[in-house]
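Peer 1: Quick one: sequence and predicted model below, then my questions.
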Amino acid sequence: MSALSMTSGSGDFPTDRHGWAELLPERQASRPLNGDRRVAWAVIGAGVTGLASARRLAELHPDREILLLDARLLCQGASGRNSGFAVAVSHFAGGLNADRIESWRRVNRINQAGLDLLREQVAKPAFDCQWREDGFLHAAADRAAIRECSHFLRYLEAMEIAHTPLDAQTLSARLGTAHYRTGVHVHEGALLQPAALVRGLADSLPANVRLHELSPVLAIEKGAPLTLKLPKGEVRADNLILATNHEAVKLGFLRRYLTASTLSGSFTRVLNDEELAGLGSEKEWGILSLHSGGATVRLTADRRLCLRNTAEYNGAALLSDRQLADRQSIHRAGFERRFPQLAHVPFEYAWSGVEGISRNSTNFFGRKGDNIYLAGGYNGSGVSRGTAFGTALADYASGGHSSLIDDCLASAPGAWIPPRPFLDIGALLTVRSRFRGVGLDR
Ligand SMILES: Cc1cc2nc3c(=O)[nH]c(=O)nc-3n(C[C@H](O)[C@H](O)[C@H](O)COP(=O)(O)OP(=O)(O)OC[C@H]3O[C@@H](n4cnc5c(N)ncnc54)[C@H](O)[C@@H]3O)c2cc1C
């Protein structure tokens, strides 16, 4: 086999027992793939992108079996480890830029399509993932974020997006923290428990999708059919959807265009009635920071406060237990700044997750060879967008046409990422700039 016709992976897919999946009841995993298989369609990656692709392929090809493979257990990728904001409206930092309005509208159409798909999938058949569709708050505590709030308001007005500006007093009455000076409620968008979403989506897949967890694809031998090499078997597939997020690079795709950043946060234990009563008038909410390095904060349906406020380049890996323990002091400081009245409430879990990022904040969608299609790299905003990309990719790979496919295809090409050690230096500087001026918003 020549090097050109074979892409191979490192076979290294570590995970840990931290995160939202730990808050769910035990479940029986699907069997790893064992032996040889011949299929028309294979999907690699069972995050929101791969789940959406597999679902759509199953609808389009009801007489075919769709094979869905994941290297890990369900919920161990970013889709089960994010902060649970399914956005309809992206926040593009900086002032209003007339040249970019069309591209912003395109991204928001994709977000909205993903949100609409998720709403339908969560409802039919209904499963519980703490879905709550009442939008979210974008808030600011310090100077840079306060300035950004006025940019954001101008953007929302220019784009005619439904929203309500909020002052410090209203924010404090709603959230039980006097921390924020200004903010805005964007009406569209849903909050959810990410691991419960992934699990519910997987459990409700059409009957012609066959999921195999703990089934890493180690190499792809190109050809017609393609051959996927796994530790205990081989899959020969006519068509392949690659929904492996930043780990596409391990299989030789987007090596110089896709990298990753590792984020971390913590959850408190469940709050008691008295603690909850001190938290303002709303019993469930989510706050996105108006500063790129600011904290994402949630009061969850199961009465926990959750705060994520670190991001770093960690070689596209989860944080070790020691790193996580260290980052927890940063989570704790952010938590106590906002909720001094709850300083006695301990954290019960800390978690980390790895998001796929490009240098120019673009997303990847399209054909990567005669019969290989890829979507991914959503730069920290992939719950609704990944669902839309995954669905559109299945349509596109099946020869379909739609305005959603056109919107996804219009994503800008990725900017070139240098190899190590320049990558490490660049990543360090990028992360530093993400936190510049964050102040009280962290
Ligand atoms: C901490 C954190 C917070 C975030 N918060 C939000 C948020 O609030 N809202 C939002 O919209 N986005 C958020 N994001 C981003 C969002 O989670 C991701 O963009 C999205 O989940 C990506 O979905 P995906 O299906 O493309 O990738 P993933 O969910 O990463 O799934 C890829 C899957 O592919 C599998 N895989 C990889 N390689 C192989 C292989 N060779 N063989 C077999 N399987 C393989 C992996 O095991 C994984 O399960 C956040 C991300 C993080 C890390």
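Peer 2: On my side now, so go ahead.
Peer 1: At the contact with the ligand, which residues of the stretch 1-150 of the chain appear?
Peer 2: Neighbours of the ligand within the stretch 1-150 of the chain, by CB under 6 Å from any ligand atom: 9, 13, 44-50, 69-72, 76-79, 81-85, 87. No exception for glycine: its C-beta is placed from N, CA and C like everyone else's.
Peer 1: In helices only, show me these.
Peer 2: 48-50 (DSSP state H).
Peer 1: and which of the residues you listed is nearest to the ligand?
Peer 2: Set against the ligand, the nearest of those by CB to the nearest ligand atom is Thr49 (3.5 Å).
Peer 1: Pull the contacting residues for the closest one.
Peer 2: When contacts are counted by CB atoms under 8 Å, 6 or more residues apart in numbering, Thr49 is found next to 79, 243, 245, 375-376, 382, 386-387, 389-390, 393.
Peer 1: ok, now how distant is it from His401?
Peer 2: 20 Å (CB to CB, to the nearest Å).
Peer 1: next one: Gly377
Peer 2: 24 Å.
Peer 1: try Arg332
Peer 2: Distance from Arg332 to His401, by CB to CB: 51 Å.
Peer 1: neighbour count winner among those two?
Peer 2: Arg332 (16 against 9; other CB atoms under 10 Å).
Peer 1: what's the span of stretch 253-271, first residue to last?
Peer 2: Using CA to CA, to the nearest Å, the end-to-end distance of stretch 253-271 comes out at 45 Å.
Peer 1: Pull out the buried residues from it.
Peer 2: 253-254, 257-268, 271 (16 or more other CB atoms under 10 Å).
Peer 1: Let me see the mean pLDDT of it.
Peer 2: Computed over stretch 253-271, the mean pLDDT rounds to 95.
Peer 1: Please apply the same query to stretch 223-239.
Peer 2: Here the average pLDDT along stretch 223-239 is 97.
Peer 1: so how far is the first residue of it from its last?
Peer 2: 10 Å.
Peer 1: contacts for that stretch?
Peer 2: For stretch 223-239, using CB under 8 Å, 6+ apart, the contacting residues are 5, 8, 11, 32-42, 44, 67, 69, 215-221, 240, 370-373, 397.
Peer 1: how about the helix or strand harbouring Glu274: buried residues?
Peer 2: In the assignment (DSSP states H and E), Glu274 maps to helix 273-277. For helix 273-277, burial by neighbour count (16+ other CB under 10 Å) applies to Glu275.
Peer 1: Put together TSV for the contacts of Thr49, with pLDDT and neighbour count on each row.
Peer 2: Formatted as TSV, the contacts of Thr49 follow (pLDDT from 0 to 100; neighbours: other CB atoms under 10 Å):
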residue	pLDDT	neighbour count
Ser79	98	27
Ala243	98	31
Asn245	97	28
Ala375	98	34
Gly376	97	29
Gly382	97	28
Gly386	98	32
Thr387	98	30
Phe389	98	33
Gly390	98	31
Leu393	98	29
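Peer 1: Secondary structure and distance to Asn314 added to these, as TSV?
Peer 2: As requested, the contacts of Thr49 are exported to TSV (DSSP: H, G, I helix; E, B strand; the rest coil; distance: CB to CB, whole Å):
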residue	secondary structure	distance to Asn314
Ser79	helix	19
Ala243	coil	22
Asn245	helix	15
Ala375	strand	24
Gly376	strand	19
Gly382	coil	19
Gly386	helix	22
Thr387	helix	26
Phe389	helix	25
Gly390	helix	26
Leu393	helix	28
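Peer 1: and which of the residues you listed is nearest to the ligand?
Peer 2: For the contacts of Thr49, the nearest to the ligand is Gly382 (2.0 Å; CB to the nearest ligand atom).
Peer 1: Can you pull the phi/psi pair for the closest one?
Peer 2: In terms of degrees, to the nearest 10, the main-chain angles of Gly382 are phi -120, psi 0.
Peer 1: Can you tell me how far it is from Gly334?
Peer 2: With CB to CB as the criterion, Gly382 and Gly334 are 23 Å apart.
Peer 1: for the ligand, what are the nearby residues on the stretch 151-300 of the chain?
Peer 2: Counting by CB under 6 Å from any ligand atom, the stretch 151-300 of the chain sits next to the ligand at 216-217, 243-245, 247, 250-251, 263.
Peer 1: farthest pair in these?
Peer 2: Val217 and Leu263 (25.5 Å; CB to CB).
Peer 1: Surely Thr15 is within a strand?
Peer 2: No. Assessed with DSSP: H, G, I helix; E, B strand; the rest coil, Thr15 is coil; it does not lie in a strand.
Peer 1: ok, it - contacts?
Peer 2: Contacts for Thr15 were tallied using CB under 8 Å, 6+ apart; they are 72-73, 76, 318.
Peer 1: who wins for neighbours among these?
Peer 2: Busiest of the contacts of Thr15 [other CB under 10 Å] is Gln76, holding 25 neighbours.
Peer 1: Per-residue pLDDT of that residue, please?
Peer 2: Looking at Gln76, its pLDDT reads 96.
Peer 1: Ramachandran coordinates for it?
Peer 2: Torsion angles, degrees, to the nearest 10, at Gln76: phi -90, psi -10.
Peer 1: Give me the pLDDT for the residue nearest to it when sequence neighbours are not counted.
Peer 2: Counting by CB to CB, 6 or more residues apart in numbering, Thr15 is the residue found nearest to Gln76 once chain neighbours are left out, at 4.3 Å. At Thr15, the model reports a pLDDT of 91.
Peer 1: And for Ser8?
Peer 2: pLDDT, read off for Ser8, is 55.
Peer 1: Likewise for the one 10 residues further on?
Peer 2: What the model reports for His18 is a pLDDT of 87.
Peer 1: Assign it to helix, strand or coil.
Peer 2: Per three-state DSSP, His18 ends up coil.
Peer 1: just to confirm, which helix or strand has the residue nearest to it when sequence neighbours are not counted in it?
Peer 2: Spatial nearest neighbour of His18, chain neighbours left out: Trp351 (4.3 Å); criterion: CB to CB, 6+ apart. Using DSSP H and E, the element containing Trp351 is strand 347-357.
Peer 1: That strand pairs with which strands, and in what direction?
Peer 2: Strand 347-357 sits in its sheet next to strand 259-268 (antiparallel), going by DSSP bridges.
Peer 1: Distance from the partner strand to the middle of the chain?
Peer 2: 11 Å (CA atoms, centre = their mean, to the nearest Å).
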